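J.: Test case, fold it:
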Amino acid sequence: MDPRTCKFDGSAKHEIDKSPELKSATTMTVPIIPIDPDPLRRLYGKRPRLDEFRLRSINIDLWGPSLKLRVDLAEFPEIPPEGWAATGYDVVQCHIRFSAVERLSLQEWTPPTRAHLSAASTDVPRMLDVSVRGAGVSLDFRCHESVGIGHISAFRVEPDGSDEVPHGFLGRVDTRLFATVPRPHEKIFYAR
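T.: Numbering: from 1, shown residues only. Model (predicted):
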């Protein structure tokens, strides 16, 4: 058994899966569209691509069951908020939240890494098979088609690619509570 391969079947039990292949009933690729696209649309003037990004972290909530990807989006807004432009921020970061997650398989994880996300419809109504691939990640899961976006922030990336620097958050609560990205144990950031 490879300890890096884990399966999440919707219960609180964590199991090892030796054959993590996910099969879709169809091969039709579908776009990931947030249930509330307005925050990103206001920021970018359009809906930015959510299929190419730098993947920073994966957060699994067994009680959800849900999964959050903390990602750096591939493009920066042409006209950023005043505070962001004045501070020299050059990267937008956010959480992409997937709900009703099942059949989770993580084969490789070396963060941070550039990644490509693809989603395909399934034979189960309103469910998607999602795949995230990159040089340091191989992640597959099935989830509900409702995808959330949260904790939108911007920062100036370090020369080594690090994001452990001050962040400017869009949300009022995040702005009041955080100046940087919190550590993974901060439930108020990762569990909501």
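J.: Roughly how far does residue 80 sit from residue 163?
T.: 17 Å (C-beta to C-beta, to the nearest Å). Just so you know, the C-beta spots here come from the backbone N, C-alpha and C atoms, and that holds for glycine as well.
J.: To clarify, my last question referred to residue 176.
T.: The value you get for residue 176 to residue 163, if C-beta to C-beta is used, is 20 Å.
J.: If you count surrounding residues, which of these two has more?
T.: residue 163 (20 against 8; other C-beta atoms under 10 Å).
J.: From what I see, that one and residue 93 are in contact.
T.: Yes - using C-beta atoms under 8 Å, residue 163 makes contact with residue 93 at a distance of 6.6 Å.
J.: So what sits opposite the closest residue to residue 57 other than its chain neighbours in the bridge?
T.: Spatially, and ignoring its direct neighbours in sequence, residue 57 is nearest to residue 70 (4.3 Å; C-beta to C-beta, 6 or more residues apart in numbering). Listed beta-bridge partners, residue 70: residue 57, residue 95 (assigned using DSSP bridges).
J.: I'd say residue 70 and residue 95 touch.
T.: Yes - counting by C-beta under 8 Å, residue 70 touches residue 95, with 5.5 Å between them.
J.: what do these two both touch?
T.: Contact criterion C-beta atoms under 8 Å, 6 or more residues apart in numbering; residues shared by residue 70 and residue 95: 59, 151.
J.: Looking at these two, which one has more neighbours?
T.: Using other C-beta under 10 Å as the criterion, residue 70 and residue 95 rank with residue 70 on top: 23 against 20.
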